[in-house]
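Participant: Sequence unavailable; structure follows:
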């Protein structure tokens, strides 16, 4: 099993990025997948989740209307489109394969639960 994030980078405020999470060696289309982020000096927080079939998505208030989650189960990839970025979005972004098909309680996941990637850095600065 391997979970690999990519797509991070440095952008100016107002910019956009698309993060990708590729899952291999695992039938990821059976499970919900979530995105978390961890800013310097802060706890890792769940920000978005998508169900196994892609029909349901959740967003936390801090990213709602700016970020969009989607998935392509043929490519075993989940995407997170980041728009209207602000400095407070600076963090390492992680995706995690959940142990169930939906997104219920996805925010309670910690590093010892689910399958995590190594993260991708997003820096928003002028």
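Facilitator: All right, it came through fine. It should be emphasised that the depicted structure is a prediction, and the values quoted were computed from it without experimental measurement.

Participant: how close does the spatially most central residue of the chain get to residue 28?
Facilitator: The residue lying closest to the centre of the chain (C-alpha atoms, centre = their mean) is residue 35, at 2.2 Å. Look at residue 35 and residue 28: by C-beta to C-beta, to the nearest Å, they are 14 Å apart. Heads up, the C-betas are built off the backbone N, CA and C, glycines and all.

Participant: can you check residue 89 too?
Facilitator: 25 Å.

Participant: just residue 76 next, same as before
Facilitator: As judged by C-beta to C-beta, residue 76 and residue 28 stand 5 Å apart.

Participant: Between these two, tell me which one has more neighbours.
Facilitator: Taking neighbours as other C-beta atoms under 10 Å, residue 76 and residue 28 compare with residue 28 leading, 23 against 17.

Participant: Sketch out the low-pLDDT regions of this protein for me.
Facilitator: By pLDDT under 70, the chain contains no weakly predicted segment.

Participant: any chance you could map the strands in the chain?
Facilitator: Using DSSP state E, the strands found in the chain span residues 2-6, 9-11, 17-24, 33-38, 45-50, 57-59, 67-72, 77-82, 91-97, 115-116, 120-124.

Participant: Dump those to JSON lines, plus distance to residue 106.
Facilitator: Below are those laid out as JSON lines (distance: least, C-beta to C-beta, whole Å):
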{"stretch": "strand 2-6", "distance to residue 106": "15"}
{"stretch": "strand 9-11", "distance to residue 106": "25"}
{"stretch": "strand 17-24", "distance to residue 106": "14"}
{"stretch": "strand 33-38", "distance to residue 106": "4"}
{"stretch": "strand 45-50", "distance to residue 106": "4"}
{"stretch": "strand 57-59", "distance to residue 106": "7"}
{"stretch": "strand 67-72", "distance to residue 106": "11"}
{"stretch": "strand 77-82", "distance to residue 106": "13"}
{"stretch": "strand 91-97", "distance to residue 106": "8"}
{"stretch": "strand 115-116", "distance to residue 106": "13"}
{"stretch": "strand 120-124", "distance to residue 106": "19"}
